[in-house]
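>>> This is a predicted model, with the sequence first.
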There are 2 protein chains.
Amino acid sequence: MAKFNENFLDLKESYLFSEVAKRVAAFHQKCPDRTVIRLGIGDVTLPLGKTVVEAIHTAADEMGRAESFRGYGPEQGYDFLREAIQAHYSTFGVSLDTDEIFVSDGAKSDTGNITDLFSKENTVMIPDPVYPVYVDTNTMNGRNIVFINGTAENDFLPMPDRSVHADIIYICSPNNPTGACYNRTQLREWVDYALENDAVILFDSAYECFISDSDLPHSIYEIDGAEKCAVEFCSLSKTAGFTGTRCGYTVVPKAIRSVTSDGREMSLNRMWNRRQCTKFNGVPYIVQRAAAAVFSEEGMKEARKMIAHYMENARIIADTMKQTGISFTGGINSPYIWFECPFGMNSWEFFDFMLERAGVVGTPGAGFGENGTHWFRLTAFNSKENTVEAMRRFTELLNTDPS
Amino acid sequence: MAKFNENFLDLKESYLFSEVAKRVAAFHQKCPDRTVIRLGIGDVTLPLGKTVVEAIHTAADEMGRAESFRGYGPEQGYDFLREAIQAHYSTFGVSLDTDEIFVSDGAKSDTGNITDLFSKENTVMIPDPVYPVYVDTNTMNGRNIVFINGTAENDFLPMPDRSVHADIIYICSPNNPTGACYNRTQLREWVDYALENDAVILFDSAYECFISDSDLPHSIYEIDGAEKCAVEFCSLSKTAGFTGTRCGYTVVPKAIRSVTSDGREMSLNRMWNRRQCTKFNGVPYIVQRAAAAVFSEEGMKEARKMIAHYMENARIIADTMKQTGISFTGGINSPYIWFECPFGMNSWEFFDFMLERAGVVGTPGAGFGENGTHWFRLTAFNSKENTVEAMRRFTELLNTDPS
């Protein structure tokens, strides 16, 4: 009898966004005349840049002519894109070989797929709150998970606890959902902890493009020694509006090695290469051309303009939090603003309260872990007009009697 | 210490195509004036159809305008494409619900990724010779593999052996590399065997579009009961030249269920949906539009024209085998021709012999399993002119003294 993977039964139902959608739909039915502003979902709204669209057109035409048609490409990505990514890293002062860079269809896939490279017998350390994919993919594999707590006390930037051992450590910085971003000293501590424990850090930098403070690291490889212990996942989803176009990149340094009990050496880079060649056929050529266009001078200008638009919205939200005296993180180096629910409400109570009273939709923090129970996420991915109006309503809401 | 997955050490080095490339390069260096014709690789050569290219242009423009921009799409694929695939299945008389259809980035990824849904404790039955991904992905998971032998005696169509038990069964029909295709009676036997054993069949139909015999099944769901035991993987790679554009589809019927020892029911369809939502973010919107264009009336006409071109080449190769009295399979319902190496040579000896004497490159059967040791694969994916010339050289070669 085919035995199904029963670890799937240990997964929590992923009902966050469907529950949000259900409650919003019910509200629409009850109050069809009310306008609802959505600051909930972490999806971009601005269209692809002109340079990117042009690159897709050119690539489509190439694919339509026999002499320039491309069939199977390298599973790791075309050199033109790997070199563009390599050059992007050099702007942070990080030097990578192109064969340490793997083009992917997004950070989500690869943060999950990387678990293929590790045995079941690893203790995995995962922050709470965080993007749920890390917990879910390791639960599917039946691994032991230990949580590290992000709380108001540590500004949602948990630090290593030497009394707790871990073999694999997920770090998301700037963090989804909290928007909190580790500085160099803090990442230095994490790298030291990983090196002391022979652990591997899985560093999700999907939001690096929103970092505006010049002294914050964009890549974990800005920390010496990280090349011996850290894999980094990044994505063009938020950088250039690629959530529906699907391209990211994963860095697996050749210096990450391990020796088996019987003395055989294993290289994580070689393993990932083998995994990708076996279970992946590369990103579409037209998408890789689109991605390379993002890294061109014009493409980067367009991307920076989009990011500036979102960051202006983030500033508006963060300013509102300051003015109303609400505790929050994010909004400066991240498109996310994470705040403590007012009136002592829990996050679902506040969700309903804000939807019904103000017609504003956000994301309950409970969806990101225990430590989000009384916290709430807003995102900068709407229009400026809607963001201003949402914040006007939010301020008004705080001055009402919640009972 | 992070413990790497040591099952990777059990993988055979995947040196087939790199070894082929190395030997061809060495030949070029030795004999720079000789023209080499490549009938080796299983990659298409004709460009994307006009309708498909137009669909990409339209989708790119949509993505470049705020009002029609698309961010995250459904992980399972857009309805417009799932409905087009559903309609395609109905042409075989197969009725599927759209929520049994999952759009993928290709059959390779999904035949590997599906292993996530099964526990390690399954015996996996894999044909030999076959596409190496099935063996490699299950080796990565440390599963027990039993092989079923494809040989000249069974026309490379191994049938169930009731004395051997399996929980998971891979079938590739039309087969890569042999081109052999199961008929209805044979698939009926496999479905019966799977139902008797409560096994799951993983049916790779990536080459279904090359089936020309009207009585051969294109889908395993043409066999009653398969909806209770079979997952099917298909791809537009070969149908419409999507090897570099990346789109396929996987069917996971809702009727495939299992009950755990403590009585909890599990649905493979729900598990796959959960896996995809957790570890995949869907296929690019522009690629899904391109794929939907393939299923349009014009798109299908273009696809059929490409397939006819390749099948004319396959016919030329198959006719040459008949005329020269060489044992072979494939070439009628498949772009692959699989033949016994002449002169009692093994497949690498024949590779060198044909390259050096005739300047023709093919793929040694040894790369697909033990049973390919004395067999060889040629593909129909070159121009007609080159195929004719290659077969002229091949015929000449057979009349030479091999010593």
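Structure received.
>>> what residues go with each domain of chain A?
Listed by automatic domain parsing, the domain ranges of chain A are A:9-47+A:299-398, A:50-296.
>>> who wins for proximity to residue B:352 among those domains?
Nearest of those to residue B:352, taken as Cβ to Cβ: domain A:50-296 at 24.7 Å. Backbone N, C-alpha and C define where each C-beta goes, glycine included.
>>> re earlier: wait, which of the domains of chain A is closest to residue B:193?
domain A:50-296 (27.3 Å).
>>> For the longest helix along chain A, the averaged confidence score.
Longest helix of chain A, by residue count under DSSP state H: helix A:297-324. Helix A:297-324 carries an average pLDDT of 98.
>>> The stretch 201-350 of chain A: strands as residue ranges?
A:230-235, A:248-251, A:257-259, A:265-267, A:328-330, A:336-340 (DSSP state E, counting those that start in this stretch).
>>> can you redo those strands as JSON lines with mean pLDDT, mean neighbour count and distance to residue A:62?
Formatted as JSON lines, those follow (pLDDT from 0 to 100; neighbours: other Cβ atoms under 10 Å in any protein chain shown; distance: least, Cβ to Cβ, whole Å):
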{"stretch": "strand A:230-235", "mean pLDDT": "98", "mean neighbour count": "27", "distance to residue A:62": "25"}
{"stretch": "strand A:248-251", "mean pLDDT": "98", "mean neighbour count": "26", "distance to residue A:62": "22"}
{"stretch": "strand A:257-259", "mean pLDDT": "94", "mean neighbour count": "14", "distance to residue A:62": "40"}
{"stretch": "strand A:265-267", "mean pLDDT": "96", "mean neighbour count": "15", "distance to residue A:62": "35"}
{"stretch": "strand A:328-330", "mean pLDDT": "98", "mean neighbour count": "26", "distance to residue A:62": "41"}
{"stretch": "strand A:336-340", "mean pLDDT": "98", "mean neighbour count": "26", "distance to residue A:62": "38"}
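>>> can you redo these as CSV with distance to residue B:103?
Listed next are the strands of the stretch 201-350 of chain A as CSV, based on distance: least, Cβ to Cβ, whole Å:
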stretch, distance to residue B:103
strand A:230-235, 20
strand A:248-251, 19
strand A:257-259, 37
strand A:265-267, 34
strand A:328-330, 34
strand A:336-340, 29
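>>> and whichever residue of the stretch 201-350 of chain A sits closest to chain B, what is it in contact with?
Closest contact between the stretch 201-350 of chain A and chain B, by Cβ to the nearest Cβ, is at residue A:279 (3.7 Å). Counting by Cβ atoms under 8 Å, 6 or more residues apart in numbering or on different chains, residue A:279 makes contact with A:113, A:116, B:108, B:109, B:112, B:113, B:133, B:137.
>>> Which residues does the worst-scoring helix or strand of chain A on mean pLDDT contact?
Ranking every helix and strand in chain A by mean pLDDT, DSSP states H and E puts helix A:16-30 at the bottom, with a mean of 92. Helix A:16-30 is contacted from outside by A:34, A:36, A:38, A:40-41, A:132, A:351-352, A:355-356, A:361, A:363-364, A:367, using Cβ under 8 Å, 6+ apart.
>>> those helices in the stretch 1-150 of chain A, which residues are they?
Under the criterion DSSP state H, counting those that start in this stretch, helices of the stretch 1-150 of chain A are mapped to A:16-30, A:50-63, A:79-90, A:107-113, A:133-140.
>>> now, of the ones you listed, which is deepest in the fold?
The highest average neighbour count among the helices of the stretch 1-150 of chain A, using mean count of other Cβ atoms under 10 Å in any protein chain shown, belongs to helix A:107-113 at a mean of 25.
>>> Those residues of the stretch 101-250 of chain A touching chain B, which are they?
A:105-106, A:108-109, A:112-113, A:116-119, A:121-122, A:133, A:136-137, A:140, A:167-168, A:197-200, A:241, A:243-246 (Cβ under 8 Å from any Cβ of the partner chain).
>>> hmm, stretch A:300-307 in reach of chain B?
No. Between stretch A:300-307 and chain B, judged by Cβ under 8 Å from any Cβ, nothing touches; the nearest distance is 10.8 Å.
>>> And the nearest residue to residue A:125 once chain neighbours are set aside, how far from residue A:176?
Nearest non-adjacent residue to residue A:125, counting by Cβ to Cβ, 6 or more residues apart in numbering or on different chains: residue A:166, 3.6 Å away. Going from residue A:166 to residue A:176 by Cβ to Cβ, to the nearest Å gives 20 Å.
>>> Residue A:291 now?
21 Å.
>>> Could you do residue A:321 as well?
18 Å.
>>> Could you do residue A:42 as well?
Distance of residue A:42 to residue A:176, given as Cβ to Cβ: 7 Å.
>>> related to what we said a few turns ago, right, and the residue nearest to residue A:125 touches residue A:123 too?
Yes. If you go by Cβ atoms under 8 Å, residue A:166 and residue A:123 touch, sitting 5.2 Å apart.
>>> Those two - which one has more neighbours?
Shown here are residue A:166 and residue A:123; by other Cβ atoms under 10 Å in any protein chain shown, residue A:166 has more neighbours (24 against 18).
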